[in-house]
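just the structure for this:
(one chain, ligands or ions: 1)
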Amino acid sequence: MIAPKTLKLSLKSLRDFAKKRLPDETLIELDARDECPLEIVRHMCSPDKLGIQLLFIPEEFGGMGGGAFDVYCICEEMARIDLGVATAVLATFLGSDPITVGATPEQKKLWLTRIAEEGVLFAYGATEPEAGSDLGALRTTADRVLQDGRIVGYKINGSKQWISNGGVADVYTVLANTPVGPSWFIVEKGAKGFSHDEPEDKHGIRLSNTAALAFNDVYVDADRLIGGVEGQGLNQAQAVFGYTRLMVAAFGLGAGWAALDRAIPYSTKRIQAGAPLSEKQGYTHKLIVPHVARLEAARSYIEETAERIDAGEGSLNTEGAIAKYMATEAGNLAADASIQALGGYGYTHEYMVEKISRDVRITTIYEGTSEIMEMTISRDRWQLHLKTRGQHYHEQAKKFEELHARHPKVGADNAALALHALAEVMEKARVARLTRYQHILLRLGEWIAYAECAGSLCRRAARLAEGKLSEKASRRFDAPALAALSRIFARDATLKVAEEGLRWVVGAGGMTDAELPAFEADLGLSAIHRAQAGLIADMDYIADVLYNRAAKPTALAA
Ligand SMILES: Cc1cc2nc3c(=O)[nH]c(=O)nc-3n(C[C@H](O)[C@H](O)[C@H](O)COP(=O)(O)OP(=O)(O)OC[C@H]3O[C@@H](n4cnc5c(N)ncnc54)[C@H](O)[C@@H]3O)c2cc1C
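As a prediction, the model looks like this:
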């Protein structure tokens with residue numbers, strides 16, 4: 001883990017560098033030219049310049065040994081600058097992951113040291129024309145090359161698609177089928193038979209190079225098989241999903257905030273109907289405040305997951321999926337709302353929110369689409385529901401009732417309502433066998449993500465009030481403001497779980513008319529409706545905080 005002071009310095013260097021080398025005019029120009037600023041990416045990755053790569057390389061290989069929390073902070077900052085450049089840097093994080101988790105000690109030493117000392121750029125080659133979400137369908141092959149009955153190397157044949165840094169990387173990690181199953185291989189640029197296409201002409205992240213790769217009898221020595229054992233590829237990819245999805249979650253968060261940080265000041269200067277837009281409640285409470293609440297709920301989940309990964313709790317794939325799902329969906333919504341917030345100006349290139357909106361769109365697609373995240377979340381928590389005979393989320397809810405007793409202002413009573421309702425919806429889905437409908441299974445993933453994020457934000461608001469938040473945690477809001485954001489989001493989550501849960505249970509034919517009133521009572525619908533009281537006051541308070549017009553906290557204090 002990196003010391004908080006060092007992390008702060010790294011973030012500051014990154015910001016200063018971006019201010020100097022990537023001002024808006026340059027970003028707009030590169031975006032229009034559809035050009036990856038390779039020299040800038042190399043500068044960011046060079047050990048004697050910005051050296052971002054050093055952060056995630058273990059100290060024993062010449063890096064700084066940053067943990068998940070450190071990498072989240074850096075990823076958020078990079079995304080605030082430009083998501084295309086951030087993707088180019090992330091490609092080395094991703095590309096070297098199979099090495100970090102699965103390589104032999106000799107391979108780790110060789111390749112991780114090269115990243116640290118030479119700043120080599122990686123690309124991560126998993127996706128193929130026929131194998132996207134379903135990586136098991138991959139067709140690229142790696143055939144053994146034998147000498148005297150011994151495997152001395154492999155011949156790789158096939159193709160890869162949508163590979164970030166595909167046309168500019170120095171080293172590629174490539175997933176290919178060996179006789180025993182999918183395995184990762186290291187292929188260097190210039191290898192005979194290896195080529196890449198022209199960069200894709202993309203909707204967004206136009207500052208990142210994305211290209212297809214072709215492998216035509218590409219020979220690699222046996223020591224380029226990561227880990228030295230065939231068939232470990234999918235496990236090695238799985239082993240880091242929690243961590244890598246957290247990075248993309250940080251991208252969604254950073255881009256969403258980058259858009260709002262343009263919309264908020266704009267609205268203080270734009271006068272319509274005799275007053276700045278920032279003073280129009282119908283504007284702030286639709287286009288700004290709900291997005292702030294959603295992004296901060298996602299941040300809370302990212303920070304908790306990063307802390308748990310750093311504490312050695314494993315790869316936390318489901319939590320990574322929840323963080324990615326919530327943060328990237330929230331980032332997209334925030335960017336879209338920011339275009340609306342700037343009106344016609346928002347629709348032009350010059351004001352940047354349009355570019356941010358195009359850029360952030362990728363975050364719900366790469367590293368696992370939102371729908372795959374919903375499925376991942378739902379399947380895992382469904383098992384917990386079954387294992388605990390439907391008590392998992394009721395037990396969680398009780399913890400929030402206890403938290404509410406200690407911290408009555410952080411929205412924990414509402415989070416408890418959401419979690420109880422979730423347990424009821426899941427139980428009804430079990431009894432009526434509704435998960436045979438894929439749509440219900442995926443919707444469950446969404447409701448689970450909302451309810452868990454509501455809980456996470458309550459805990460975070462309570463920790464901030466107690467002065468127990470990590471030194472590295474974002475301090476954008478003080479304790480009363482975070483508590484108000486938590487109350488806003490928890491109300492939202494509660495209503496979503498209960499009303500949408502009810503809708504889809506009924507929609508899937510999960511109950512008779514006669515059973516409906518009892519189910520509505522089990523969901524706690526009337527308590528959930530009553531819990532919406534105070535919503536406008538909380539939103540007013542957050543608008544006041546965002547526009548620096550909040551009176552010193554009084555009754556709202558957590
Ligand atoms: C700009 C860019 C950069 C990328 N960088 C990389 C990279 O560096 N390395 C790399 O390996 N890959 C990369 N990718 C690929 C990316 O990870 C995939 O595009 C992504 O995983 C989705 O795969 P797909 O495009 O084949 O879509 P598909 O899997 O075909 O999905 C299409 C749609 O169907 C939905 N869907 C898929 N399966 C199901 C299902 N079972 N049930 C319900 N709905 C389903 C998806 O959610 C999606 O909405 C990149 C892609 C882009 C666009």
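
quick check: end-to-end length of stretch 60-78?
26 Å (CA to CA, to the nearest Å).

how far off centre is it?
15 Å (CA atoms, centre = their mean, to the nearest Å).

buried residues, that stretch. List them.
Neighbour-count burial for stretch 60-78 flags 61-64, 66-78 (criterion: 16 or more other CB atoms under 10 Å). For glycine as for every other residue, the C-beta is placed from the backbone atoms N, C-alpha and C.

and if you look at stretch 438-452?
Neighbour-count burial for stretch 438-452 [16+ other CB under 10 Å]: 440-452.

for the ligand, what is the nearest residue in the stretch 101-250 of the chain?
residue 132 (1.7 Å; CB to the nearest ligand atom).

per-residue confidence for that residue?
Residue 132 carries a pLDDT value of 94.

what's the neighbour count on it?
18 (other CB atoms under 10 Å).

any idea where the strands of the stretch 351-500 of the chain begin and end?
Shown for the stretch 351-500 of the chain, no strands are assigned by DSSP state E, counting those that start in this stretch.

what residues does it put near the ligand?
362, 365-366, 369, 371-372 (CB under 6 Å from any ligand atom).

helix or strand for the closest residue in space to residue 360 that isn't next to it in sequence, which one?
In this structure, residue 360 finds its nearest non-sequential neighbour in residue 255, 3.9 Å apart by CB to CB, 6 or more residues apart in numbering. Using DSSP states H and E, residue 255 sits within helix 241-269.

would that helix count as contacting the ligand?
No - counting by CB under 6 Å from any ligand atom, the ligand has no neighbours in helix 241-269; the shortest distance is 9.9 Å.

what's the spacing between that helix and its chain's center?
Relative to its chain's centre, helix 241-269 lies at 10 Å (CA atoms, centre = their mean).

indicate the residue of the stretch 401-550 of the chain located nearest to the ligand.
residue 438 (6.3 Å).

just the pLDDT at that residue, thanks.
pLDDT recorded at residue 438 is 98.

same question for residue 303.
So, for residue 303, pLDDT stands at 97.

also residue 47?
At residue 47, pLDDT is 89.

same question, residue 25
Per-residue pLDDT puts residue 25 at 97.

residue 403 touches residue 463, doesn't it?
No - if you go by CB atoms under 8 Å, residue 403 and residue 463 don't touch, sitting 10.5 Å apart.

list the residues that contact the spatially most central residue of the chain.
Residue closest to the mean C-alpha point of the chain, counted by CA atoms, centre = their mean, is residue 249 at 1.3 Å. Residue 249 sits next to 72, 298, 302, 320, 323-324, 326-328 when contact means CB atoms under 8 Å, 6 or more residues apart in numbering.

kindly reformat those as TSV containing distance to residue 182.
What follows is the contacts of residue 249, written out as TSV (distance: CB to CB, whole Å):
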residue	distance to residue 182
72	28
298	31
302	29
320	21
323	26
324	22
326	29
327	29
328	26
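
rewinding a little: among the buried residues of stretch 60-78, which are in helices?
68-78 (DSSP state H).

neighbours of the nearest residue to residue 277 once chain neighbours are set aside, how many?
Nearest residue to residue 277, sequence neighbours excluded (CB to CB, 6+ apart): residue 267, at 4.0 Å. The tally of other residues near residue 267 (other CB under 10 Å) stands at 23.

measure residue 267 to residue 410 for me?
According to CB to CB, to the nearest Å, residue 267 stands 28 Å off from residue 410.

could I get the full set of helices for the stretch 251-400 of the chain?
281-283, 289-310, 317-341, 343-346, 353-360, 370-387, 392-406 (DSSP state H, counting those that start in this stretch).

mind giving me JSON lines with those and columns for mean neighbour count?
As requested, these are arranged in JSON lines below (neighbours: other CB atoms under 10 Å):
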{"stretch": "helix 281-283", "mean neighbour count": "13"}
{"stretch": "helix 289-310", "mean neighbour count": "25"}
{"stretch": "helix 317-341", "mean neighbour count": "27"}
{"stretch": "helix 343-346", "mean neighbour count": "14"}
{"stretch": "helix 353-360", "mean neighbour count": "26"}
{"stretch": "helix 370-387", "mean neighbour count": "19"}
{"stretch": "helix 392-406", "mean neighbour count": "18"}
